[in-house]
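Visitor: fold the following for me, if possible:
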Amino acid sequence: LPHAPVSPVSRYIGFFGVDVKFGCATAALRVERRLLDREFRSADAAIRELAVGYLAGHHTDPERRVSTHVRRALMESVGAGPPGIRHVARLFAMHPRTLQRRLAAEGTGFEAILEDVRRELAVRYITTTDLPFAQVAAMAGFAGQSSLSHAVRRWRGASPSEVRRRARGA
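Guide: Sure, this is the predicted structure:
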């Protein structure tokens with residue numbers, strides 16, 4: 001969800017039955033591909049066919065997108081060291097410029113994905129844990145607590161402690 005939690009995060013998890021991510025660029029609901037093939041008694045076959053056709057024609061399978069794989073690689077490596085395009089390109093056995101071109105063809109770039117990953121991790125740690133902000137900064141791949149604070153102010157217009165307070169409903 002693009003916003004901060006307006007209720008305790010546990011209520012979201014209880015309702016959806018899965019981890020809910022906050023502070024993302026867009027609101028999205030991810031479902032397993034196999035659910036698209038399920039039949040429901042109350043379903044209208046013509047509407048289903050139109051919907052599946054529309055989705056297939058307008059949305060690329062995320063598993064085929066380079067940006068999906070870059071995002072996963074960054075989610076696993078941010079906080080373990082400085083995440084760079086050279087390192088990620090090496091994971092995919094390609095030159096960094098080739099990786100940049102492929103990401104550009106998908107309408108994004110390495111820095112945009114890295115910023116997204118850092119935002120997602122930082123907001124999650126801030127809103128769902130009591131970890132000290134210096135530790136949150138390190139785990140989200142920031143150089144220090146002040147870098148985290150500047151980024152959170154840019155994303156949310158508030159300090160990390162204020163974001164944490166709001167998430168807890170205080």
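
Visitor: C-alpha coordinates for the top helix by length along the chain, CSV please?
Guide: Secondary structure of the chain per DSSP state H: the longest helix is helix 110-128. Below are the C-alpha coordinates for helix 110-128, written out as CSV (Å, rounded to 0.1, in the frame of the first residue of the first chain):
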residue,chain,number,x,y,z
PHE,A,110,18.6,0.6,-11.2
GLU,A,111,18.6,3.6,-8.9
ALA,A,112,14.8,3.7,-9.0
ILE,A,113,14.5,0.1,-7.9
LEU,A,114,17.2,0.5,-5.3
GLU,A,115,15.3,3.6,-3.9
ASP,A,116,12.1,1.5,-3.9
VAL,A,117,13.7,-1.4,-2.0
ARG,A,118,15.3,0.9,0.6
ARG,A,119,12.0,2.7,1.1
GLU,A,120,10.1,-0.6,1.5
LEU,A,121,12.6,-2.0,3.9
ALA,A,122,13.0,1.1,6.0
VAL,A,123,9.3,1.8,6.3
ARG,A,124,8.7,-1.9,7.2
TYR,A,125,11.4,-1.9,9.9
ILE,A,126,10.3,1.5,11.3
THR,A,127,6.6,0.6,11.4
THR,A,128,6.8,-3.0,12.5
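
Visitor: for the following helix or strand past that helix, buried residues please.
Guide: Following helix 110-128 in sequence order, the next helix or strand is helix 133-139 (DSSP states H and E). For helix 133-139, the buried set under the neighbour-count rule, 16 or more other C-beta atoms under 10 Å, comprises 133, 136-139. (Each C-beta comes from the backbone N, C-alpha and C, glycine too.)

Visitor: can you list contacts of helix 133-139?
Guide: Helix 133-139 is contacted by residues 78-79, 121-122, 125-126, 129, 131, 143-145, 147-149, 160-161 when judged by C-beta atoms under 8 Å, 6 or more residues apart in numbering.
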